[in-house]
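J.: task: produce atomic coordinates for the following.
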Amino acid sequence: MALQVKFELTEKSKRWLKKYPSDFEEAFYKALKKGMWYAERQAKASFGSAGKPKVRTGHLRRSIKSDVDRKYGSLVGVLFSDVIYAAVQEEGATIRPRVKDFLRFQVGGQFVYARQVIIPARPFLGPALSDNLTKIHQIVRDSLVEQMNRPEVI
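T.: Next comes the predicted model:
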């Protein structure tokens, strides 16, 4: 799953980019980092609400991270979790036994047997980006404007 965010540069930004390419890239890097940090906070805050993962130990919520990667001359904002079951929570899954005919697990002190278990999708990363695109754009734009108006740069 990937979401792309497109930023259109103003004429002032294009002039600044042309005149100070490394300064503009660094300013955009910092601005995008702020925007991704906001998305990270939103993903963590969504836990426990309707249609989102519940919190038992907090491990999945603590594992959510954001970063900005420099790839192929572009800056890419990334929101991720490295917990093995994060994808199952995000996209849902059907679990079936591999060796035996039934799955066996405990629910409330009682053993349960099932041919399969369907885990519904409880997306938390995708919505943290898609539901907050306007705010992320605003954070990036405001941060860029703030950095571009520094007298030593313009």
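J.: which residues touch the residue nearest in space to the middle of the chain?
T.: Within the chain, one residue has its C-alpha closest to the average C-alpha position: by C-alpha atoms, centre = their mean, that is residue 79, at 2.7 Å. For residue 79, the contacting residues are 36, 39-40, 43, 64-66, 125, 128-129, by C-beta atoms under 8 Å, 6 or more residues apart in numbering. In short, each C-beta sits where N, CA and C put it, glycine included.
J.: for the helix or strand of the chain with the lowest mean pLDDT, packing partners?
T.: Ranking every helix and strand in the chain by mean pLDDT, DSSP states H and E puts helix 11-19 at the bottom, with a mean of 78. If you count contacts as 3 or more C-beta pairs under 8 Å, 6 or more residues apart in numbering; DSSP states H and E, helix 11-19 packs onto helix 21-45, helix 133-148.
J.: ranking these by burial, who's on top?
T.: Mean neighbour count, computed with mean count of other C-beta atoms under 10 Å, is highest for helix 21-45 among the helices and strands packed on helix 11-19, reaching a mean of 18.
J.: which residues of the chain score low on pLDDT?
T.: Under the criterion pLDDT under 70, the flagged ranges of the chain are 1-8, 150-154.
J.: do I have it right that residue 31 meets residue 140?
T.: Yes - under the criterion of C-beta atoms under 8 Å, residue 31 is in contact with residue 140, at a separation of 4.5 Å.
J.: which ones are touching the closest residue in space to residue 43 that isn't next to it in sequence?
T.: In this structure, residue 43 finds its nearest non-sequential neighbour in residue 128, 3.6 Å apart by C-beta to C-beta, 6 or more residues apart in numbering. Taking C-beta under 8 Å, 6+ apart as the criterion, residue 128 is in contact with 39-40, 42-43, 46, 79.
J.: how much space separates residue 128 from residue 24?
T.: Using C-beta to C-beta, to the nearest Å, we find residue 128 at a distance of 27 Å from residue 24.
J.: repeat that for residue 44.
T.: Here residue 44 is placed at a distance of 31 Å from residue 24 (C-beta to C-beta).
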